[in-house]
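Trainee: Attaching a predicted model along with its sequence, questions to come.
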Amino acid sequence: MNRYLKIFLFIVPTIIILVIFLDVFSKNPQTEGFFTISRGDNVLQIAGNLQNKGYITSRIMFVWQAVASGNLKKMKAGRYYIEKGLTDKNLIEKFVKFQSLPISVLIAPGKTTNNIAQILSQNYIVGKSEFLNLVLNNDKKSYAEFYSSLLQKYAFLSDKPKDVGLEGYLFPDSYLIDSSASSQDIVKQMMDNFDKKLTQEMREEIKKQKRTIFEVITMASILEKEVKTQKDKQVVAGVLWKRADNGLPLEVDSTLLYFLASQHPSAIDKNVDSPYNTYKHAGLPVGPICNPGINSILAAIYPENSDYWFYLSAPGGETIFSKNLGQHLINKAKYLTN
């Protein structure tokens, strides 16, 4: 064996032993705060994340402790609060006993299902693609199986077309969500809320008007995106219902923006052949364009009748109403032309 090989075989093990020695015998830092174990994380990922967050110094020691205690695969996904001074053994016990904290999540009115999936992903609750595949009918097999179970529990889904996803029914609110919750758990939590907020009186009024809940939620989703004040929402609801009932196009930008990447639809965009294009197709779009709040739902159920047939939103947020096309064109020139 030549001299260089002997040196190499001596130096490399020595360096490895030194690294292990420094890693194993260092003390955990006095750090506290929240820590999340995502579903699917293995012990090496958990140890690495703990060290990166400053909760432990020794990844090797943590893994060794997990192996020695027989808890290598027993640590559960969740969100935990880590106090100062916890040893590796303490941490592992906490993760095994699953004292996970719920995560507070705010879903504001007008958020799309895509927005909600992003919020859930950013909070490390569920993956964005996983949630969207389940809720938007992207994965037809998963959606069909899940939707079948929802139909048995929620009567308000009975008039919803089966091939349209659950956009519109994920009720916006503040939620405490278990960090180990699945996408199905979260959807059911939101739909339980929807079921409570849509009162029997509201359902009877919808039936009295010979409309469906699906139609009302679709209208409410448009109002949520189009109008700011409750008063204007009620008047706009009356205008749009009147146009829809008379077979006229609704001509609203918000439905175009639902499938377009741009923020301001062009004249060309208004000719795109899409079931959400309310310039090209008469009546309501194929489905909701967001998840509306209770005020928009109430406005869709209890619209205000008026002589108006047109409206526009001025740059300052004011809603301008017109009784005929001539007035509408004058208002467009006045408020929307630079």
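Mentor: Sure, I can see it. Numbering: from 1, shown residues only.
Trainee: how about the host helix or strand of residue 222: buried residues?
Mentor: Per DSSP states H and E, residue 222 falls inside helix 213-226. Going by neighbour count (16 or more other Cβ atoms under 10 Å), the buried part of helix 213-226 is 213-226. C-beta coordinates here come from the backbone N, C-alpha and C atoms, glycine included.
Trainee: Distance to residue 108 and pLDDT for those - can I get that in TSV?
Mentor: Shown next, in TSV, are the buried residues of helix 213-226 (distance: Cβ to Cβ, whole Å; pLDDT from 0 to 100):
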residue	distance to residue 108	pLDDT
213	22	98
214	22	98
215	24	98
216	20	98
217	17	98
218	19	98
219	19	98
220	15	98
221	14	98
222	17	97
223	15	97
224	10	97
225	12	95
226	16	93
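Trainee: quick one: which of these is nearest to residue 31?
Mentor: Nearest to residue 31 among the buried residues of helix 213-226: residue 224, at 42.4 Å, using Cβ to Cβ.
Trainee: if I look at the closest one, how far off is residue 236?
Mentor: 11 Å (Cβ to Cβ, to the nearest Å).
Trainee: next one: residue 109
Mentor: 16 Å.
Trainee: Then residue 219?
Mentor: According to Cβ to Cβ, residue 219 stands 10 Å off from residue 236.
Trainee: quick one: low-confidence parts of the stretch 151-300 of the chain?
Mentor: The model of the stretch 151-300 of the chain has pLDDT under 70 over residues 261-262.
Trainee: Now the spatially most central residue of the chain. Its backbone dihedrals?
Mentor: Nearest to the geometric centre of the chain sits residue 116, at 0.9 Å (Cα atoms, centre = their mean). The phi/psi pair for residue 116 (degrees, to the nearest 10) reads phi -60, psi -40.
Trainee: pLDDT wise, what is it at?
Mentor: At residue 116, the model reports a pLDDT of 97.
Trainee: count of residues packed around the residue nearest to residue 187 when sequence neighbours are not counted?
Mentor: Once flanking residues are discounted, residue 187 sits nearest to residue 135: 6.2 Å by Cβ to Cβ, 6 or more residues apart in numbering. By other Cβ atoms under 10 Å, 27 other residues sit near residue 135.
Trainee: Residue 135 and residue 184 touch, don't they?
Mentor: No - under the criterion of Cβ atoms under 8 Å, residue 135 is not in contact with residue 184, lying 9.7 Å apart.
Trainee: Now do the helix or strand harbouring residue 51: distance to the chain's middle.
Mentor: Using DSSP H and E, residue 51 falls within helix 43-53. On the basis of Cα atoms, centre = their mean, to the nearest Å, helix 43-53 sits 27 Å off its chain's mean C-alpha point.
Trainee: Not counting its own residues, what contacts it?
Mentor: With contact meaning Cβ atoms under 8 Å, 6 or more residues apart in numbering, helix 43-53 is reached by 31, 33, 35, 37, 41, 56-59, 62-63, 66, 72-73, 75, 91, 95.
Trainee: ok, now stretch 131-138?
Mentor: 113-114, 116-117, 120-121, 139, 142-143, 146, 163-167, 170, 183-184, 186-187.
Trainee: just the strands in the stretch 51-200 of the chain please.
Mentor: 78-82, 103-106, 174-177 (DSSP state E, counting those that start in this stretch).
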